[in-house]
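Asker: This is the structure alone, sequence omitted:
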Ligand SMILES: Cc1ncc(COP(=O)(O)O)c(C=O)c1O
Ligand SMILES: N[C@@H](CCSC[C@H](N)C(=O)O)C(=O)O
(Lines give C-alpha, C1' and ligand atoms only; values in the text may rest on other atoms or scores of the structure.)
(Ligands and ions follow the chains in the order given, each with its own letter.)
Protein backbone atom coordinates (compact mmCIF):
# COMPACT_ATOMS: atom_id res chain seq x y z
CA UNK A 1 0.00 0.00 0.00
CA UNK A 2 2.72 2.48 1.00
CA UNK A 3 4.50 1.88 -2.31
CA UNK A 4 1.34 2.00 -4.41
CA UNK A 5 0.41 5.32 -2.83
CA UNK A 6 3.67 6.85 -4.01
CA UNK A 7 3.63 5.18 -7.46
CA UNK A 8 0.10 5.64 -8.85
CA UNK A 9 -0.97 4.53 -12.32
CA UNK A 10 -0.35 7.39 -14.75
CA UNK A 11 -3.33 8.50 -16.77
CA UNK A 12 -2.08 11.80 -18.14
CA UNK A 13 0.78 11.97 -20.62
CA UNK A 14 3.10 14.78 -19.58
CA UNK A 15 5.75 15.81 -22.15
CA UNK A 16 8.06 17.13 -19.38
CA UNK A 17 8.04 14.09 -17.08
CA UNK A 18 6.88 16.12 -14.06
CA UNK A 19 7.16 14.06 -10.87
CA UNK A 20 4.12 15.79 -9.33
CA UNK A 21 0.92 15.27 -11.32
CA UNK A 22 0.05 18.22 -13.57
CA UNK A 23 -2.76 20.47 -12.35
CA UNK A 24 -5.27 21.18 -15.14
CA UNK A 25 -6.89 24.21 -13.57
CA UNK A 26 -9.24 24.82 -16.45
CA UNK A 27 -13.00 24.77 -16.88
CA UNK A 28 -13.04 24.09 -20.62
CA UNK A 29 -10.90 22.39 -23.29
CA UNK A 30 -10.30 23.51 -26.86
CA UNK A 31 -12.22 21.19 -29.18
CA UNK A 32 -10.67 19.47 -32.19
CA UNK A 33 -13.29 21.12 -34.37
CA UNK A 34 -16.83 22.44 -34.07
CA UNK A 35 -18.16 18.91 -34.42
CA UNK A 36 -15.43 16.81 -32.74
CA UNK A 37 -14.59 16.80 -29.07
CA UNK A 38 -11.29 15.47 -27.67
CA UNK A 39 -11.09 13.39 -24.48
CA UNK A 40 -12.30 16.33 -22.39
CA UNK A 41 -14.64 19.24 -23.13
CA UNK A 42 -15.69 20.66 -19.75
CA UNK A 43 -14.32 20.02 -16.24
CA UNK A 44 -17.71 19.16 -14.74
CA UNK A 45 -17.83 16.25 -17.19
CA UNK A 46 -14.19 15.29 -16.78
CA UNK A 47 -10.76 16.75 -16.06
CA UNK A 48 -7.33 15.07 -16.37
CA UNK A 49 -6.34 15.88 -12.76
CA UNK A 50 -9.60 14.38 -11.53
CA UNK A 51 -9.08 11.40 -13.84
CA UNK A 52 -5.67 10.86 -12.20
CA UNK A 53 -7.21 10.87 -8.72
CA UNK A 54 -10.05 8.60 -9.80
CA UNK A 55 -7.66 6.13 -11.44
CA UNK A 56 -5.51 6.01 -8.33
CA UNK A 57 -8.49 5.41 -6.02
CA UNK A 58 -9.78 2.65 -8.31
CA UNK A 59 -6.36 0.98 -8.29
CA UNK A 60 -6.04 1.25 -4.50
CA UNK A 61 -9.46 -0.30 -3.88
CA UNK A 62 -9.53 -2.90 -6.66
CA UNK A 63 -12.49 -1.09 -8.21
CA UNK A 64 -13.63 -1.05 -11.83
CA UNK A 65 -13.85 2.71 -11.57
CA UNK A 66 -13.67 5.48 -8.98
CA UNK A 67 -15.33 8.89 -9.02
CA UNK A 68 -14.36 12.00 -7.07
CA UNK A 69 -16.98 14.39 -5.66
CA UNK A 70 -16.83 17.80 -4.00
CA UNK A 71 -17.53 16.28 -0.55
CA UNK A 72 -18.25 12.99 1.12
CA UNK A 73 -21.90 14.03 1.37
CA UNK A 74 -22.04 14.75 -2.38
CA UNK A 75 -20.66 11.26 -2.99
CA UNK A 76 -23.27 9.68 -0.70
CA UNK A 77 -26.03 11.78 -2.27
CA UNK A 78 -25.01 10.44 -5.69
CA UNK A 79 -25.36 6.90 -4.31
CA UNK A 80 -28.84 7.76 -3.03
CA UNK A 81 -29.76 8.63 -6.65
CA UNK A 82 -29.58 4.89 -7.37
CA UNK A 83 -32.80 4.55 -5.37
CA UNK A 84 -36.10 5.56 -6.94
CA UNK A 85 -39.24 6.94 -5.35
CA UNK A 86 -41.16 4.14 -3.63
CA UNK A 87 -38.01 2.11 -3.00
CA UNK A 88 -36.34 1.36 0.30
CA UNK A 89 -32.95 1.85 1.99
CA UNK A 90 -31.64 0.04 5.06
CA UNK A 91 -28.93 1.88 7.00
CA UNK A 92 -27.07 1.57 10.26
CA UNK A 93 -28.33 3.30 13.42
CA UNK A 94 -25.04 4.87 14.47
CA UNK A 95 -24.07 6.95 11.47
CA UNK A 96 -22.28 10.22 10.89
CA UNK A 97 -24.74 13.09 11.65
CA UNK A 98 -24.73 14.36 8.06
CA UNK A 99 -25.57 10.91 6.71
CA UNK A 100 -28.37 10.56 9.26
CA UNK A 101 -29.66 13.97 8.16
CA UNK A 102 -29.53 12.99 4.46
CA UNK A 103 -31.50 9.83 5.18
CA UNK A 104 -33.98 11.41 7.63
CA UNK A 105 -34.59 14.76 5.93
CA UNK A 106 -33.70 14.47 2.24
CA UNK A 107 -34.58 10.86 1.34
CA UNK A 108 -38.28 11.14 2.34
CA UNK A 109 -38.69 14.14 0.01
CA UNK A 110 -37.47 11.90 -2.82
CA UNK A 111 -40.08 9.30 -1.89
CA UNK A 112 -37.44 6.97 -0.46
CA UNK A 113 -38.24 5.08 2.72
CA UNK A 114 -35.39 4.45 5.18
CA UNK A 115 -35.11 1.85 7.93
CA UNK A 116 -32.34 2.21 10.52
CA UNK A 117 -31.08 -0.94 12.16
CA UNK A 118 -28.20 -2.09 14.35
CA UNK A 119 -25.98 -3.47 11.58
CA UNK A 120 -23.79 -5.27 14.12
CA UNK A 121 -26.79 -7.62 14.33
CA UNK A 122 -26.82 -9.60 11.09
CA UNK A 123 -30.22 -11.21 11.68
CA UNK A 124 -31.83 -7.84 12.51
CA UNK A 125 -30.37 -6.45 9.29
CA UNK A 126 -31.63 -9.42 7.30
CA UNK A 127 -35.11 -8.87 8.78
CA UNK A 128 -35.05 -5.15 7.83
CA UNK A 129 -34.28 -5.88 4.15
CA UNK A 130 -37.38 -6.13 1.97
CA UNK A 131 -36.52 -8.38 -1.00
CA UNK A 132 -37.26 -6.61 -4.26
CA UNK A 133 -37.94 -3.23 -2.59
CA UNK A 134 -34.74 -2.55 -0.63
CA UNK A 135 -32.25 -1.27 -3.16
CA UNK A 136 -29.43 -0.17 -0.88
CA UNK A 137 -27.77 -1.21 2.36
CA UNK A 138 -25.68 1.66 3.78
CA UNK A 139 -23.00 0.69 6.29
CA UNK A 140 -20.32 2.39 8.35
CA UNK A 141 -17.65 0.28 10.03
CA UNK A 142 -16.32 1.59 12.33
CA UNK A 143 -19.27 3.91 12.89
CA UNK A 144 -18.91 7.60 13.63
CA UNK A 145 -18.82 8.36 16.56
CA UNK A 146 -19.30 5.20 18.63
CA UNK A 147 -16.85 3.09 16.63
CA UNK A 148 -19.19 0.12 16.34
CA UNK A 149 -18.26 -2.65 13.97
CA UNK A 150 -20.37 -4.61 11.52
CA UNK A 151 -19.40 -7.66 9.49
CA UNK A 152 -19.11 -6.25 5.96
CA UNK A 153 -18.67 -9.62 4.22
CA UNK A 154 -21.62 -11.29 5.95
CA UNK A 155 -23.90 -8.27 5.47
CA UNK A 156 -22.93 -8.01 1.79
CA UNK A 157 -24.03 -11.63 1.28
CA UNK A 158 -27.32 -10.99 3.10
CA UNK A 159 -28.01 -7.79 1.13
CA UNK A 160 -27.20 -9.40 -2.22
CA UNK A 161 -29.58 -12.27 -1.44
CA UNK A 162 -32.31 -9.64 -1.01
CA UNK A 163 -31.30 -7.90 -4.26
CA UNK A 164 -29.81 -4.78 -2.60
CA UNK A 165 -26.53 -3.04 -3.37
CA UNK A 166 -24.09 -2.40 -0.51
CA UNK A 167 -22.29 0.88 0.07
CA UNK A 168 -19.74 1.11 2.87
CA UNK A 169 -18.68 4.47 4.26
CA UNK A 170 -14.99 3.72 4.71
CA UNK A 171 -13.98 7.22 5.82
CA UNK A 172 -12.57 6.12 9.20
CA UNK A 173 -10.35 3.30 7.88
CA UNK A 174 -9.72 4.56 4.30
CA UNK A 175 -8.23 2.03 1.85
CA UNK A 176 -5.02 1.86 3.88
CA UNK A 177 -6.67 -0.16 6.66
CA UNK A 178 -9.83 -1.58 5.08
CA UNK A 179 -10.97 -2.47 1.56
CA UNK A 180 -14.76 -2.90 1.44
CA UNK A 181 -14.93 -4.08 -2.19
CA UNK A 182 -12.65 -7.03 -1.38
CA UNK A 183 -15.09 -7.89 1.40
CA UNK A 184 -18.04 -8.01 -1.01
CA UNK A 185 -19.43 -4.44 -1.02
CA UNK A 186 -20.43 -2.82 -4.31
CA UNK A 187 -19.38 0.74 -3.49
CA UNK A 188 -16.77 2.06 -1.07
CA UNK A 189 -17.17 5.71 -0.10
CA UNK A 190 -14.38 7.70 1.51
CA UNK A 191 -14.67 11.28 2.66
CA UNK A 192 -11.45 12.67 1.15
CA UNK A 193 -11.81 15.57 3.59
CA UNK A 194 -10.33 13.19 6.16
CA UNK A 195 -7.30 10.93 5.64
CA UNK A 196 -6.91 11.33 1.87
CA UNK A 197 -6.44 15.11 2.10
CA UNK A 198 -4.94 14.61 5.54
CA UNK A 199 -4.21 18.26 6.28
CA UNK A 200 -7.70 19.76 6.87
CA UNK A 201 -7.40 21.75 3.66
CA UNK A 202 -9.95 20.21 1.27
CA UNK A 203 -13.43 18.80 1.25
CA UNK A 204 -13.96 15.87 -1.09
CA UNK A 205 -15.39 12.40 -1.36
CA UNK A 206 -14.68 9.36 -3.51
CA UNK A 207 -16.73 6.39 -4.65
CA UNK A 208 -14.87 3.23 -5.65
CA UNK A 209 -17.24 1.05 -7.61
CA UNK A 210 -17.46 -2.60 -8.60
CA UNK A 211 -19.10 -3.13 -11.99
CA UNK A 212 -18.91 -1.00 -15.11
CA UNK A 213 -22.67 -0.57 -15.46
CA UNK A 214 -23.05 0.68 -11.87
CA UNK A 215 -20.05 2.99 -12.36
CA UNK A 216 -21.65 4.37 -15.51
CA UNK A 217 -24.88 5.18 -13.65
CA UNK A 218 -22.94 7.03 -10.94
CA UNK A 219 -20.73 8.81 -13.45
CA UNK A 220 -23.90 10.06 -15.17
CA UNK A 221 -25.12 11.48 -11.83
CA UNK A 222 -21.71 13.09 -11.18
CA UNK A 223 -21.90 14.97 -14.46
CA UNK A 224 -25.65 15.62 -14.55
CA UNK A 225 -25.80 17.04 -11.02
CA UNK A 226 -22.38 18.69 -11.24
CA UNK A 227 -20.86 17.64 -7.92
CA UNK A 228 -17.47 16.49 -9.24
CA UNK A 229 -14.35 17.55 -7.34
CA UNK A 230 -12.55 20.61 -8.73
CA UNK A 231 -9.05 20.23 -10.22
CA UNK A 232 -7.08 21.96 -7.45
CA UNK A 233 -8.75 19.92 -4.72
CA UNK A 234 -8.03 16.78 -6.77
CA UNK A 235 -4.40 17.86 -6.94
CA UNK A 236 -4.27 18.35 -3.16
CA UNK A 237 -5.90 14.94 -2.67
CA UNK A 238 -3.27 13.39 -4.96
CA UNK A 239 -0.57 14.99 -2.86
CA UNK A 240 -2.21 13.81 0.35
CA UNK A 241 -2.44 10.24 -0.92
CA UNK A 242 1.34 9.94 -1.16
CA UNK A 243 1.78 10.12 2.63
CA UNK A 244 -1.54 8.55 3.63
CA UNK A 245 -0.12 5.21 4.85
CA UNK A 246 2.72 6.90 6.73
CA UNK A 247 0.33 9.31 8.48
CA UNK A 248 -2.32 6.71 9.24
CA UNK A 249 0.12 4.14 10.66
CA UNK A 250 1.77 6.69 12.90
CA UNK A 251 -1.56 8.09 14.12
CA UNK A 252 -3.03 4.61 14.70
CA UNK A 253 -0.04 3.58 16.81
CA UNK A 254 -0.46 6.70 18.96
CA UNK A 255 -4.24 6.16 19.17
CA UNK A 256 -3.71 2.61 20.48
CA UNK A 257 -1.47 3.99 23.24
CA UNK A 258 -3.99 6.74 24.09
CA UNK A 259 -6.90 4.27 24.11
CA UNK A 260 -5.08 2.01 26.58
CA UNK A 261 -4.34 5.00 28.82
CA UNK A 262 -7.94 6.22 28.68
CA UNK A 263 -9.27 2.77 29.49
CA UNK A 264 -7.26 2.73 32.72
CA UNK A 265 -8.33 6.27 33.71
CA UNK A 266 -10.71 6.60 36.69
CA UNK A 267 -12.68 9.43 35.01
CA UNK A 268 -13.39 7.32 31.92
CA UNK A 269 -16.42 5.03 31.95
CA UNK A 270 -16.09 3.57 28.51
CA UNK A 271 -13.67 3.74 25.59
CA UNK A 272 -14.80 3.02 22.03
CA UNK A 273 -11.77 1.91 20.01
CA UNK A 274 -11.87 -1.23 17.85
CA UNK A 275 -8.14 -1.82 18.41
CA UNK A 276 -8.78 -2.58 22.10
CA UNK A 277 -9.20 -6.35 22.61
CA UNK A 278 -12.17 -5.73 24.94
CA UNK A 279 -14.17 -3.85 22.25
CA UNK A 280 -17.37 -5.72 21.29
CA UNK A 281 -16.47 -5.61 17.59
CA UNK A 282 -12.71 -6.18 17.91
CA UNK A 283 -12.79 -9.76 16.64
CA UNK A 284 -14.83 -8.92 13.53
CA UNK A 285 -12.78 -5.77 12.96
CA UNK A 286 -9.54 -7.75 13.08
CA UNK A 287 -10.80 -10.02 10.29
CA UNK A 288 -11.64 -7.13 7.95
CA UNK A 289 -9.23 -4.30 8.81
CA UNK A 290 -5.51 -4.16 9.46
CA UNK A 291 -5.45 -1.59 12.32
CA UNK A 292 -7.63 0.05 14.94
CA UNK A 293 -7.25 3.44 13.25
CA UNK A 294 -6.79 6.83 14.84
CA UNK A 295 -10.35 7.81 15.78
CA UNK A 296 -11.72 6.92 19.21
CA UNK A 297 -14.41 8.11 21.56
CA UNK A 298 -14.99 7.85 25.28
CA UNK A 299 -17.55 8.67 27.99
CA UNK A 300 -16.86 10.30 31.34
CA UNK A 301 -20.42 10.17 32.70
CA UNK A 302 -20.50 13.98 33.01
CA UNK A 303 -21.01 16.52 30.23
CA UNK A 304 -19.29 19.08 32.46
CA UNK A 305 -16.16 16.93 32.87
CA UNK A 306 -16.11 16.04 29.16
CA UNK A 307 -16.36 19.69 28.26
CA UNK A 308 -13.38 20.56 30.48
CA UNK A 309 -11.29 17.81 28.87
CA UNK A 310 -12.20 19.05 25.38
CA UNK A 311 -11.63 22.72 26.11
CA UNK A 312 -8.51 22.40 28.27
CA UNK A 313 -6.40 20.37 25.86
CA UNK A 314 -3.85 22.50 24.09
CA UNK A 315 -2.62 20.25 21.27
CA UNK A 316 -6.04 18.82 20.34
CA UNK A 317 -7.97 21.39 18.32
CA UNK A 318 -11.66 21.73 19.23
CA UNK A 319 -13.06 21.05 15.79
CA UNK A 320 -15.29 18.75 13.78
CA UNK A 321 -13.73 16.39 11.24
CA UNK A 322 -10.94 13.83 11.65
CA UNK A 323 -8.01 12.32 9.79
CA UNK A 324 -5.79 15.38 9.93
CA UNK A 325 -2.09 15.58 10.79
CA UNK A 326 -3.30 17.71 13.72
CA UNK A 327 -5.01 16.02 16.68
CA UNK A 328 -8.66 17.07 16.99
CA UNK A 329 -11.16 16.78 19.84
CA UNK A 330 -14.92 17.23 19.91
CA UNK A 331 -18.21 16.66 21.68
CA UNK A 332 -20.14 14.94 18.85
CA UNK A 333 -23.62 15.65 20.27
CA UNK A 334 -22.90 19.39 20.20
CA UNK A 335 -20.83 19.39 17.02
CA UNK A 336 -20.67 16.76 14.23
CA UNK A 337 -23.88 14.99 15.29
CA UNK A 338 -25.90 18.02 16.45
CA UNK A 339 -28.16 17.68 13.37
CA UNK A 340 -29.59 14.44 14.81
CA UNK A 341 -32.55 15.38 17.05
CA UNK A 342 -31.76 14.92 20.77
CA UNK A 343 -34.50 12.31 21.23
CA UNK A 344 -33.11 10.24 18.35
CA UNK A 345 -29.58 10.52 19.72
CA UNK A 346 -30.82 9.31 23.08
CA UNK A 347 -32.75 6.43 21.49
CA UNK A 348 -29.61 5.41 19.59
CA UNK A 349 -27.51 5.48 22.74
CA UNK A 350 -25.41 8.46 21.72
CA UNK A 351 -24.61 10.19 25.03
CA UNK A 352 -24.06 13.93 25.42
CA UNK A 353 -20.84 13.38 27.41
CA UNK A 354 -19.22 11.44 24.56
CA UNK A 355 -15.83 12.90 23.62
CA UNK A 356 -14.32 12.04 20.22
CA UNK A 357 -10.61 12.26 19.53
CA UNK A 358 -8.90 12.15 16.17
CA UNK A 359 -5.27 11.41 16.88
CA UNK A 360 -2.77 13.22 14.68
CA UNK A 361 0.88 12.64 13.93
CA UNK A 362 2.35 14.61 16.84
CA UNK A 363 4.71 12.91 19.31
CA UNK A 364 2.45 10.58 21.37
CA UNK A 365 4.30 11.60 24.54
CA UNK A 366 3.14 15.18 24.06
CA UNK A 367 -0.41 14.09 23.33
CA UNK A 368 -0.59 11.96 26.47
CA UNK A 369 0.88 14.70 28.63
CA UNK A 370 -1.66 17.14 27.22
CA UNK A 371 -4.59 14.80 27.85
CA UNK A 372 -3.29 14.11 31.35
CA UNK A 373 -3.25 17.79 32.31
CA UNK A 374 -6.74 18.35 30.84
CA UNK A 375 -8.10 15.30 32.69
CA UNK A 376 -6.63 16.57 35.98
CA UNK A 377 -8.58 19.83 35.50
CA UNK A 378 -11.74 17.88 34.68
CA UNK A 379 -11.33 15.74 37.81
CA UNK A 380 -10.89 18.85 39.93
CA UNK A 381 -14.07 20.30 38.38
CA UNK A 382 -16.17 17.28 39.39
CA UNK A 383 -14.42 16.96 42.76
CA UNK A 384 -12.55 13.73 42.05
CA UNK A 385 -9.22 12.81 43.64
CA UNK A 386 -6.39 12.43 41.16
CA UNK A 387 -5.43 9.10 42.70
CA UNK A 388 -5.49 6.10 40.37
CA UNK A 389 -4.63 8.18 37.31
CA UNK A 390 -2.44 6.00 35.09
CA UNK A 391 1.04 7.40 34.45
CA UNK A 392 1.13 9.46 31.29
CA UNK A 393 4.18 7.51 30.22
CA UNK A 394 3.90 6.73 26.54
CA UNK A 395 5.85 3.98 24.78
CA UNK A 396 9.45 5.17 24.48
CA UNK A 397 9.25 5.79 20.75
CA UNK A 398 6.80 5.93 17.89
CA UNK A 399 8.23 2.59 16.73
CA UNK A 400 7.44 0.96 20.07
CA UNK A 401 3.92 2.36 19.95
CA UNK A 402 3.54 0.93 16.44
CA UNK A 403 4.67 -2.51 17.61
CA UNK A 404 2.28 -2.43 20.58
CA UNK A 405 -0.59 -1.51 18.24
CA UNK A 406 0.31 -4.44 15.96
CA UNK A 407 0.47 -6.83 18.94
CA UNK A 408 -2.98 -5.66 20.10
CA UNK A 409 -4.39 -6.32 16.64
CA UNK A 410 -2.76 -9.77 16.44
CA UNK A 411 -4.29 -10.58 19.81
CA UNK A 412 -7.69 -9.56 18.49
CA UNK A 413 -7.10 -11.68 15.36
CA UNK A 414 -6.23 -14.73 17.49
CA UNK A 415 -9.37 -14.03 19.49
CA UNK A 416 -11.35 -13.99 16.24
CA UNK A 417 -9.81 -17.26 15.02
CA UNK A 418 -10.49 -18.97 18.32
CA UNK A 419 -14.11 -17.79 18.14
C1 LIG B 1 -18.19 8.92 8.46
C2 LIG B 1 -18.42 10.12 7.60
N3 LIG B 1 -18.98 9.97 6.41
C4 LIG B 1 -19.21 11.01 5.60
C5 LIG B 1 -18.88 12.29 5.97
C6 LIG B 1 -19.17 13.41 5.03
O7 LIG B 1 -17.98 13.86 4.47
P8 LIG B 1 -17.77 15.38 4.00
O9 LIG B 1 -17.66 16.22 5.21
O10 LIG B 1 -16.53 15.29 3.20
O11 LIG B 1 -18.96 15.73 3.21
C12 LIG B 1 -18.30 12.50 7.21
C13 LIG B 1 -17.93 13.85 7.69
O14 LIG B 1 -18.33 14.86 7.27
C15 LIG B 1 -18.08 11.40 8.05
O16 LIG B 1 -17.57 11.54 9.25
N1 LIG C 1 -21.70 21.55 10.31
C2 LIG C 1 -21.37 20.32 9.64
C3 LIG C 1 -20.75 19.37 10.60
C4 LIG C 1 -19.65 18.61 9.94
S5 LIG C 1 -19.11 17.21 10.86
C6 LIG C 1 -17.68 16.70 9.99
C7 LIG C 1 -17.21 15.31 10.23
N8 LIG C 1 -17.89 14.33 9.46
C9 LIG C 1 -17.18 14.86 11.65
O10 LIG C 1 -17.71 13.77 11.94
O11 LIG C 1 -16.59 15.54 12.47
C12 LIG C 1 -22.65 19.73 9.09
O13 LIG C 1 -23.73 20.19 9.45
O14 LIG C 1 -22.58 18.85 8.24
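Answerer: The structure has been received and is ready for your questions. Note that the structure is a prediction, hence the values are computed from the model and not measured. Ligands and ions are numbered 1, 2, ... in the order given.
Asker: Contact residues of this protein facing ligand 1?
Answerer: For the chain, the contact set with ligand 1 under Cβ under 6 Å from any ligand atom comprises 71-73, 96, 98-99, 140, 144, 169, 171, 191, 193, 203, 205. C-beta: built from backbone N, CA, C; applies to glycine.
Asker: now, which of those residues sits nearest residue 369?
Answerer: Among the residues of the chain next to ligand 1, residue 144 lies closest to residue 369 (Cβ to Cβ), at 27.1 Å.
Asker: Disregarding flanking residues, what is the spatial nearest neighbour of that closest one?
Answerer: Distances taken as Cβ to Cβ, 6 or more residues apart in numbering place residue 96 nearest to residue 144, at 4.4 Å, with adjacent residues excluded.
Asker: neighbours of the one you found, just the number please.
Answerer: 25 (other Cβ atoms under 10 Å).
Asker: Residue 51 too?
Answerer: Using other Cβ under 10 Å, residue 51 is surrounded by 17 other residues.
Asker: Hmm, residue 76 is touching residue 169, no?
Answerer: Yes - using Cβ atoms under 8 Å, residue 76 is in contact with residue 169, at 7.2 Å.
Asker: For those two, list the residues in contact with both.
Answerer: Common contacts of residue 76 and residue 169 (Cβ atoms under 8 Å, 6 or more residues apart in numbering): 99, 138, 189.
Asker: which non-adjacent residue is nearest residue 71?
Answerer: Using Cβ to Cβ, 6+ apart and skipping the chain neighbours, the partner closest in space to residue 71 is residue 203 (4.6 Å).
Asker: ok, now residue 168?
Answerer: Using Cβ to Cβ, 6+ apart and skipping the chain neighbours, the partner closest in space to residue 168 is residue 180 (3.8 Å).
Asker: Can you tell me how far the one you found is from residue 33?
Answerer: 43 Å (Cβ to Cβ, to the nearest Å).
Asker: Indicate each strand paired with the longest strand anywhere in the chain and its parallel or antiparallel sense.
Answerer: Ranked by residue count, the top strand of the chain under DSSP state E comes out as strand 134-140. Here strand 134-140 has these sheet partners by DSSP bridges: strand 88-92 (parallel), strand 165-169 (parallel).
Asker: That one and ligand 2 in contact?
Answerer: No - on the criterion Cβ under 6 Å from any ligand atom, strand 134-140 is out of touch with ligand 2, staying 10.8 Å away.
Asker: And for stretch 70-79?
Answerer: No - with Cβ under 6 Å from any ligand atom as the criterion, ligand 2 is not reached by stretch 70-79; the gap is at least 7.1 Å.
Asker: what about that stretch, distance to the chain center?
Answerer: Centre-to-centre, stretch 70-79 and its host chain are 13 Å apart (Cα atoms, centre = their mean, to the nearest Å).
Asker: For residue 67, which residues are in contact?
Answerer: By Cβ under 8 Å, 6+ apart, the contact list for residue 67 reads 54, 75, 78, 206-207, 209, 215, 218-219, 222, 228.
Asker: will you turn those residues into CSV that also has secondary structure?
Answerer: Below are the contacts of residue 67 laid out as CSV (DSSP: H, G, I helix; E, B strand; the rest coil):
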residue, secondary structure
54, helix
75, helix
78, helix
206, strand
207, strand
209, strand
215, helix
218, helix
219, helix
222, helix
228, strand
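Asker: Show me which of these is closest to ligand 1.
Answerer: Set against ligand 1, the nearest of the contacts of residue 67 by Cβ to the nearest ligand atom is residue 75 (7.6 Å).
Asker: Just give me the neighbour total for that closest one.
Answerer: Residue 75 has 28 neighbours, counted by other Cβ under 10 Å.
Asker: pLDDT score assigned to it?
Answerer: Listed pLDDT for residue 75 reads 98.
Asker: and the gap between it and residue 145?
Answerer: As defined by Cβ to Cβ, residue 75 lies at a distance of 20 Å from residue 145.
Asker: Skip the chain neighbours and tell me the closest residue to the residue in the stretch 151-300 of the chain positioned nearest to ligand 2.
Answerer: Ligand 2 sits closest to residue 191 of the stretch 151-300 of the chain, with a gap of 6.5 Å, by Cβ to the nearest ligand atom. Computed as Cβ to Cβ, 6+ apart, the closest residue to residue 191 that is not its neighbour in sequence is residue 72, at 3.0 Å.
Asker: State the distance from whatever residue of the chain ends up closest to ligand 1 to residue 215.
Answerer: Closest residue of the chain to ligand 1, Cβ to the nearest ligand atom: residue 72 (2.4 Å). Distance, residue 72 to residue 215, by Cβ to Cβ: 18 Å.
Asker: Those two: which is more packed in?
Answerer: The neighbour comparison of residue 72 against residue 215 (other Cβ under 10 Å) goes to residue 72, with 24 against 21.
Asker: Tell me, how many residues neighbour the residue nearest to residue 112 when sequence neighbours are not counted?
Answerer: Nearest residue to residue 112, sequence neighbours excluded (Cβ to Cβ, 6+ apart): residue 83, at 5.1 Å. Residue 83 has 21 neighbouring residues, counting by other Cβ under 10 Å.
Asker: got the contact list for residue 83?
Answerer: The contact partners of residue 83, by Cβ under 8 Å, 6+ apart, come to 89, 107, 110, 112, 135-136.
Asker: How about residue 122?
Answerer: Residue 122 sits next to 151, 154-155, 158 when contact means Cβ under 8 Å, 6+ apart.
Asker: Would you mind confirming that the residue nearest to residue 71 makes contact with residue 237?
Answerer: No - counting by Cβ under 8 Å, residue 237 is not a contact partner of residue 203; they are 10.3 Å apart.
Asker: the more surrounded of those two?
Answerer: Neighbours were counted for residue 203 and for residue 237 using other Cβ under 10 Å; residue 237 has more, 27 against 19.
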